[in-house]
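**Q** test case, fold it:
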Amino acid sequence: MIDDVSKKIKKVSKGEILLKQGEIAKHGYFVKKGCLKSYAIDKAGKEHIMQFAPESWLISDLDSFTNQTPSLVFIEVIENSEVVLFSKSDFKALEDLDHKTVIEIANKFRNNLIASNKRIIGLLSATAEKRYLDFTETYPTLVQRLPLKLIASYIGVTPEYLSEIRRKITKK
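**A** You can find the predicted model right below:
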C-alpha cells in the first residue's frame, strides 16, 4: 500500500549518507528492505543515534523536510537497503490517496512519534538495562542484526557496558 504511493524506489548501499546535517531534507524514506539510522554528531565528534528505521519504518528529519530548514541529523544506510522516496509534493497529494493508505501513513508517523517519546523519557529517567529492554521491544528484528556499538550508542552506553547488561539479563 504505502509503496503504491510513490514508485520512486531506490536501492541504497551500506554506508551511504542520504542526508547530511545542515542540508535541507528533500525526501522522506520508507524502508522496504534493510535498515537506516538517523544521528547527530556533537561538538566533541561523538555520534548520537536518534532512530533506527528497519523494514516498514519511515525516516527523515521532519522539521527540515516540512519547513525547509537545515537538518539537525544525518541519515545513513546501515544495511544494503531498498527505500521508497517521498518528496514534499507526494505528501501534498495525500488528499488524492485512498483512505486506507492515508491511515497507514498516519499510523507509521504515530508509531515513530511514540517510539521517540519513549526514547526521550528513557534517556531522562530509565536505567541502561531498561533502555536496552525498551530497544529490544521497539526494534525486535534489530537485536541480532546490528553491531553492539550501534545499539550501545542508541541507548547511551559503551559497547562493553552493553555486553555486561546483556550477560546480566541472560542470567536472570
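**Q** elements contacting the longest helix anywhere in the chain?
**A** Identified as the longest helix of the chain according to DSSP state H is helix 99-125. Packing partners of helix 99-125 (3 or more C-beta pairs under 8 Å, 6 or more residues apart in numbering; DSSP states H and E): helix 2-5, strand 47-53, strand 58-59, helix 128-138. In short, each C-beta sits where N, CA and C put it, glycine included.
**Q** got the contact list for residue 108?
**A** If a contact means C-beta atoms under 8 Å, 6 or more residues apart in numbering, then residue 108 has 2, 30, 56, 57, 58 as its contacts.
**Q** most surrounded residue in those residues?
**A** Highest neighbour count within those, by other C-beta atoms under 10 Å: residue 30, with 25 neighbours.
**Q** against residue 11, how distant is it?
**A** 14 Å (C-beta to C-beta, to the nearest Å).
**Q** between strand 47-53 and the longest helix of the chain, find me the angle.
**A** Interaxial angle, helix 99-125 versus strand 47-53 (axes from the mean of the first three to the mean of the last three C-alpha atoms, to 10 degrees): 150 degrees.
**Q** give me the mean pLDDT for helix 99-125.
**A** For helix 99-125, mean pLDDT is 76.
**Q** okay, now the unreliable bits of the protein?
**A** Along the chain, the parts satisfying pLDDT under 70 run over 1-7, 90-98.
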